[in-house]
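Asker: okay, here's the prediction I keep looking at, along with the sequence it came from:
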Amino acid sequence: MRYADWRRRRPLRPGTEDLFVPPTPVAAFACRYDGPRVTPGMGLGGQGGTMLRTRHGRVDDADLVRLVDDLNRAKRGVMRCPFNPWSVVVLHFDYGEGPPAEIVMGVVGCFNATNGTRDAIVPRLKLPEVVVPYT
């Protein structure tokens, strides 16, 4: 999948207009996707390449609470980047019932996040261990 495809997704769970991640998810599933690397200043990175899943795992308990709090406190807006991120994390929040919430965020190269309704700048967000370290 290409990064531009993720950016066009619509929100799944009601409440994403008010909070980045609506309250009380029971778990989250994190997937990291890596694409071709580029040299800054050499054009739009990763835009034409396919991103492949390289790491994934479940997030729950204290890590889940911290992640939801951090995302909901993130500064609203879009970071201006000279190129697309070459690593993306997709966070799928499960609520047990009803539709999930999904966050897509660049984690290397450009640090934007979106839930389909809202955008945030997340350069210092501590990611779950299942999708780090950065490469």
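Answerer: Cool, got the structure.
Asker: pull out the buried positions in stretch 17-24.
Answerer: 20-22 (16 or more other CB atoms under 10 Å). In this view, the C-beta of every residue, glycine as well, is placed from N, C-alpha and C.
Asker: any chance of those residues in a markdown table with secondary structure as columns?
Answerer: Below are those laid out as a markdown table (DSSP: H, G, I helix; E, B strand; the rest coil):
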| residue | secondary structure |
| --- | --- |
| 20 | coil |
| 21 | coil |
| 22 | coil |
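Asker: please name the residues that touch the closest residue to residue 57 other than its chain neighbours.
Answerer: Leaving aside its sequence neighbours, residue 57 sits nearest to residue 130 (CB to CB, 6 or more residues apart in numbering; 2.9 Å). Residue 130 makes contacts with 30, 55-59, as judged by CB atoms under 8 Å, 6 or more residues apart in numbering.
Asker: mind telling me what element the closest residue to residue 119 other than its chain neighbours is part of?
Answerer: Spatial nearest neighbour of residue 119, excluding adjacent residues (CB to CB, 6+ apart): residue 78 at 4.8 Å. In the assignment (DSSP states H and E), residue 78 maps to no helix and no strand.
Asker: okay, residue 78 and residue 12: tell me how far apart.
Answerer: 21 Å (CB to CB, to the nearest Å).
Asker: follow-up on the earlier one: can you tell me which of the contacts of residue 130 is nearest residue 108?
Answerer: Minimum distance to residue 108 across those is 12.6 Å, recorded for residue 55 (CB to CB).
Asker: burial count for that closest one?
Answerer: The tally of other residues near residue 55 (other CB atoms under 10 Å) stands at 18.
Asker: now it, nearest residue through space, not along the chain?
Answerer: Among residues not flanking residue 55 along the chain, residue 32 sits closest, at 4.3 Å (CB to CB, 6+ apart).
Asker: what's the pLDDT at that neighbour?
Answerer: On the pLDDT scale, residue 32 is placed at 89.
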